[in-house]
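> What follows is a predicted protein model with its sequence.
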There are 2 protein chains.
Amino acid sequence: MTKAKITSWRALFGRAGATAGASQLPTPLLANSSANPRAATNMTATHVTAPTQFIEASGVRFAYRRFGKDSGAPLVLMQHFRGTMDNWDPAITDGFAKDRPVILFNNAGVSSTSGETPETINAMGEHAADFVRALGLSQADVLGFSLGGMVAQAFAMRNPHLVRRLILVGTGPRGGEPTQDPGVAQHSRGNSTQEDFLYLFFAPSAASQSAGRAFWERRHSRKQDVDPACSAQTMKAQLAAYADWLQVRDERFAELRSITQPTLVVNGNRDVMIPTINSFNLSQHIPNSQLIIYPDSGHASHFQYPDLFLSHARIFLD
Amino acid sequence: MTKAKITSWRALFGRAGATAGASQLPTPLLANSSANPRAATNMTATHVTAPTQFIEASGVRFAYRRFGKDSGAPLVLMQHFRGTMDNWDPAITDGFAKDRPVILFNNAGVSSTSGETPETINAMGEHAADFVRALGLSQADVLGFSLGGMVAQAFAMRNPHLVRRLILVGTGPRGGEPTQDPGVAQHSRGNSTQEDFLYLFFAPSAASQSAGRAFWERRHSRKQDVDPACSAQTMKAQLAAYADWLQVRDERFAELRSITQPTLVVNGNRDVMIPTINSFNLSQHIPNSQLIIYPDSGHASHFQYPDLFLSHARIFLD
């Protein structure tokens, strides 16, 4: 990366560690970059090298990382229970970054982001909207995984103008079907080990477990500037938000009709945490939604089949 | 098309209208064609121009059409209730033909094929296997639609060595969920009009109905050498076979575990004939299966989104 490029990048998004208000940010990223030589800069940062940056909105100092191509609709990723920016798969984020800006962030109270984690999905969605607006984005594509997929739904329902397309992975609607697997509670207690993770996120087959270990290696390839673990407050609040999300409100699934964006719903065929039928139900009730279920896989099917998932997601997004 | 090409093509598969035993056929089509200049012939026939040919197997004279690239795993298509070779979408068949041989046929008793249509799906599957073996194919990819998807399942379960990959569109497992839509019986009576077809195969939305009319135009683009309509015997036998297929035998869905081939299951999110939940159930019980459900579409989602379906099917097949 040349110094000029770094300078341009910092000019766009502020120095790592600095806080910046939305008013200091440039024109919306969806603008055609060919008319703006600065925005057309080739960004060479990757999942591993992109520095953690900060931006303040509504009293929260949001940690985020941005990398990838500097034109096209940015893709904002929303993470699972207890997850941070470091829990994404570099094979997927760097894959997306080849043809669009990729933005990872920690929501309010999570890891390197300041504030308290709220106890409802809707409040998490509002924090996410604060963050997206602070970046000066007029519209973004959103990929939400698990709890992040619930936040993405709330975000899209309450801020439809901010969302171009939506990808919901390993997640469920409000009032969805809870897990029936007694092993989930057992593997969710305390500090998460690799064994717990492989149980919760992958299928029991040798192939799926092996793919899980390969992902585990990939996700630990970032060694510097990594996120601290989530606090007890975050974990407790996220659990409360999920418990609340499982409650049916009004007519079951009716609110999904208000998600009018093209939506891609993805899951493995054996999700022990958020049963796969929830993905089917999402696709039955979000009007313009496409469903893809992968074989012999669990909650993190996109981490098991990163290349296939990328192929499908790109067809959907482009 | 040059005369030499026509001659070579005829040498491979026999003159249109002639009958040929399997023993007269060349080496399996899966063989690397580069070692066989004759098999490497560029075939320029299309869905509209491919002549109807005939081949005899086990006392049935099967009508079929073959076009497309002359190397790679051939794709054999199995058609829906009352459908003939003319009921496929040229946008799909010609799309597949760009990179593989495409083989349409009428099963026993159907339209231009001789014999009686049997009254069970298994017997239909056996006839299909006779046809595939008669062509000298050592293995094929199979795309079955609706009733043809049931035949494809029976074919794969009883002749696993003949099937490389399986695509099941708008179909269901044995013992599946029957239609709950009272309009289906009403629109299935007597001669099928365009209105009936649009009700049964597409969703009620303006976009889906419009896509249905566009398909209707495409599917009528073949004007010469077209198939006669199915006989009353075929329709009666196919209905009996479908009624039998709806009956649960032994442990429900257990037989699907014996389909070990990679399988792609596809449907629209509003299939009024074979409810979409059947596709979900197929994907839950066929071990190596991927499910794709398209938005705002019905039984013939692949005819509604031919380009998207082709993209997904090619990723799956290749």
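Perfect, thanks for sending it.
> which stretches of the stretch 1-150 of chain A form strands?
Along the stretch 1-150 of chain A, the segments classed as strands by DSSP state E, counting those that start in this stretch run A:53-57, A:60-68, A:75-78, A:101-105, A:140-145.
> touching chain B at all, stretch A:164-175?
No: shown here: stretch A:164-175 not in contact with chain B (CB under 8 Å from any CB of the partner chain), separated by at least 12.3 Å. (Glycine included, C-beta is placed from N, CA and C.)
> can you check stretch A:289-301 too?
Yes: counting by CB under 8 Å from any CB, chain B has neighbours in stretch A:289-301: A:S289, A:Q290, A:L291, A:I292, A:I293, A:Y294, A:P295, A:D296.
> before we move on, the earlier item: of the strands of the stretch 1-150 of chain A, which is nearest chain B?
strand A:140-145 (16.8 Å; CB to the nearest CB).
> Quick one: list the elements packing against the closest one.
Strand A:140-145 sits against strand A:75-78, helix A:147-158, strand A:163-169, with contacts defined as 3 or more CB pairs under 8 Å, 6 or more residues apart in numbering or on different chains; DSSP states H and E.
> got the contact list for whatever residue of the stretch 101-250 of chain A ends up closest to chain B?
In the stretch 101-250 of chain A, the residue that lies nearest chain B is A:S205 (9.2 Å; CB to the nearest CB). With contact taken as CB atoms under 8 Å, 6 or more residues apart in numbering or on different chains, A:S205 is in contact with A:D296.
> before we move on, the earlier item: so can I have CSV of the strands of the stretch 1-150 of chain A showing mean neighbour count and mean pLDDT?
Shown next, in CSV, are these (neighbours: other CB atoms under 10 Å in any protein chain shown; pLDDT from 0 to 100):
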stretch, mean neighbour count, mean pLDDT
strand A:53-57, 20, 98
strand A:60-68, 23, 98
strand A:75-78, 26, 98
strand A:101-105, 26, 98
strand A:140-145, 27, 98
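> Now find how far off-centre stretch A:242-250 is within its chain.
21 Å (CA atoms, centre = their mean, to the nearest Å).
> Quote the end-to-end distance of that stretch.
Start-to-end span of stretch A:242-250 (CA to CA, to the nearest Å) is 17 Å.
> Would you indicate which residues of that stretch are buried?
Neighbour-count burial for stretch A:242-250 flags A:Y242, A:W245 (criterion: 16 or more other CB atoms under 10 Å in any protein chain shown).
> Stretch A:182-199 now?
Neighbour-count burial for stretch A:182-199, counted by 16+ other CB under 10 Å, picks out A:V184, A:H187, A:S188, A:D196, A:F197, A:L198, A:Y199.
> immediately after the helix or strand that A:L200 is a member of, which helix or strand?
Using DSSP states H and E, A:L200 maps to helix A:194-201. For helix A:194-201, the succeeding helix or strand toward the C-terminus, using DSSP H and E, is helix A:206-219.
> How about residues contacting stretch A:183-192?
Applying CB under 8 Å, 6+ apart, the contact partners of stretch A:183-192 are A:R82, A:E195, A:D196, A:Y199, A:L200, A:V272, A:M273.
> Then stretch A:221-232?
A:47-48, A:51-52, A:63, A:82-86, A:90, A:106, A:109-112, A:117, A:238.
> Now that stretch: buried residues?
Buried residues in stretch A:221-232, counted by 16+ other CB under 10 Å: A:R222, A:D227, A:C230.
> Among these, which one lies nearest to B:V76?
Nearest to B:V76, judged by CB to CB, of the buried residues of stretch A:221-232 is A:R222 at 47.7 Å.
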